[in-house]
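Peer 1: I'd like to go over a predicted model; first the sequence, then the structure.
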Amino acid sequence: MAKRVVVIGGGIGGLTTAALLAQRGYRVQLFEQAAQLGGCASTFQRRGFTFDVGATQVAGLEPGGIHAEIFAALQLPPPPATPCDPACAVYLPGETTPINVWRSRDRWQLERQRHFPHSERFWQGLEQLFAISWRFQQRQPILPPPQRF
Ligand SMILES: Cc1cc2nc3c(=O)[nH]c(=O)nc-3n(C[C@H](O)[C@H](O)[C@H](O)COP(=O)(O)OP(=O)(O)OC[C@H]3O[C@@H](n4cnc5c(N)ncnc54)[C@H](O)[C@@H]3O)c2cc1C
């Protein structure tokens, strides 16, 4: 008899957990309170328009990325995807020209220096935080970190 598992919540976290457990042979039942799955990564319709609830971009589909590893564990091909370039186009209030976050680090550096002169120290600080954050994430930590007494 396969063990039964109940997963509460059909956001990306619950769906991923349910899929991985089912793939390992558990009998999984997933409960979602909303009318559709996806949680913060879902969409909703109003007056003929479709809006993202939250997430608009997916990272980690590249070889070795977290989503690539999950699809490999599920023995499924990852969905077709193309890199966004720019990753984001931000329009500040009253502006008609976007601030483009380019994939190329050099191009992004030039872009931000053009929009925010004399702010390079701030961006370099962010780069350091990102580097630490990526290193931490690549260790596939369990989050939130367990409390140690
Ligand atoms: C505005 C915004 C933009 C974002 N942009 C990005 C992005 O571009 N890229 C990215 O990677 N991430 C982005 N994120 C983050 C990402 O969307 C979330 O981290 C992720 O979707 C969270 O998934 P989750 O499964 O942990 O939680 P949730 O998506 O919150 O899912 C929880 C689910 O559980 C259900 N639930 C809760 N309680 C119960 C209950 N008692 N019974 C049944 N069901 C229950 C909820 O209805 C919900 O569907 C963004 C988030 C926001 C808010």
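Peer 2: All right, it came through fine.
Peer 1: C-alpha from now on. contacts and neighbour counts both.
Peer 2: Noted.
Peer 1: now whichever strand or helix holds residue 129: how far from the chain's centre is it?
Peer 2: Following DSSP states H and E, one finds residue 129 within helix 120-138. Chain-centre distance of helix 120-138: 17 Å, with Cα atoms, centre = their mean, to the nearest Å.
Peer 1: Nearest the geometric middle of this structure, what residue?
Peer 2: Nearest residue to the geometric centre of the chain (Cα atoms, centre = their mean): residue 58, 4.6 Å.
Peer 1: would it count as being in a helix?
Peer 2: No - looking at residue 58 with DSSP: H, G, I helix; E, B strand; the rest coil, it is coil, so not inside a helix.
Peer 1: Can you report how many residues lie near residue 44?
Peer 2: 10 (other Cα atoms under 10 Å).
Peer 1: need the contact list for it.
Peer 2: Neighbouring residues of residue 44 by Cα atoms under 8 Å, 6 or more residues apart in numbering: 50-53.
Peer 1: which neighbours does the helix or strand where it lies have in its sheet, and in what orientation?
Peer 2: Using DSSP H and E, residue 44 maps to strand 43-46. Using DSSP bridges, strand 43-46 pairs in its sheet with strand 49-52 (antiparallel).
Peer 1: ok, and what's touching the strand it pairs with?
Peer 2: With Cα under 8 Å, 6+ apart as the criterion, strand 49-52 contacts 41-45.
Peer 1: The residues you listed also near the ligand: which ones?
Peer 2: Within the set of these, contact with the ligand (Cα under 6 Å from any ligand atom) is found for residue 41.
Peer 1: which one of the contacts of strand 49-52 is nearest the ligand?
Peer 2: Proximity of these to the ligand (Cα to the nearest ligand atom) peaks at residue 41, which lies at 4.3 Å.
Peer 1: neighbours of that closest one, just the number please.
Peer 2: 16.
Peer 1: now do residue 57
Peer 2: By the criterion of other Cα under 10 Å, residue 57 has 10 neighbours.
Peer 1: picking up where we left off before, I would like the residues contacting the helix holding residue 129, please.
Peer 2: Here helix 120-138 has contacts from residue 113, using Cα under 8 Å, 6+ apart.
Peer 1: Just the C-alpha atoms of that helix, please, in CSV.
Peer 2: The C-alpha trace of helix 120-138 is given here as CSV (Å, rounded to 0.1, in the frame of the first residue of the first chain):
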residue,chain,number,x,y,z
GLU,A,120,27.3,52.7,-9.2
ARG,A,121,28.4,52.0,-5.6
PHE,A,122,24.8,51.1,-4.8
TRP,A,123,24.5,48.6,-7.7
GLN,A,124,27.9,47.1,-6.9
GLY,A,125,26.6,46.5,-3.4
LEU,A,126,23.5,44.8,-4.9
GLU,A,127,25.7,42.6,-7.1
GLN,A,128,27.6,41.4,-4.0
LEU,A,129,24.3,40.5,-2.3
PHE,A,130,23.0,38.7,-5.4
ALA,A,131,26.3,36.7,-5.6
ILE,A,132,25.9,35.6,-2.0
SER,A,133,22.2,34.8,-2.5
TRP,A,134,22.9,32.7,-5.7
ARG,A,135,25.6,30.8,-3.9
PHE,A,136,23.2,30.1,-1.0
GLN,A,137,20.4,29.0,-3.3
GLN,A,138,22.7,26.7,-5.3
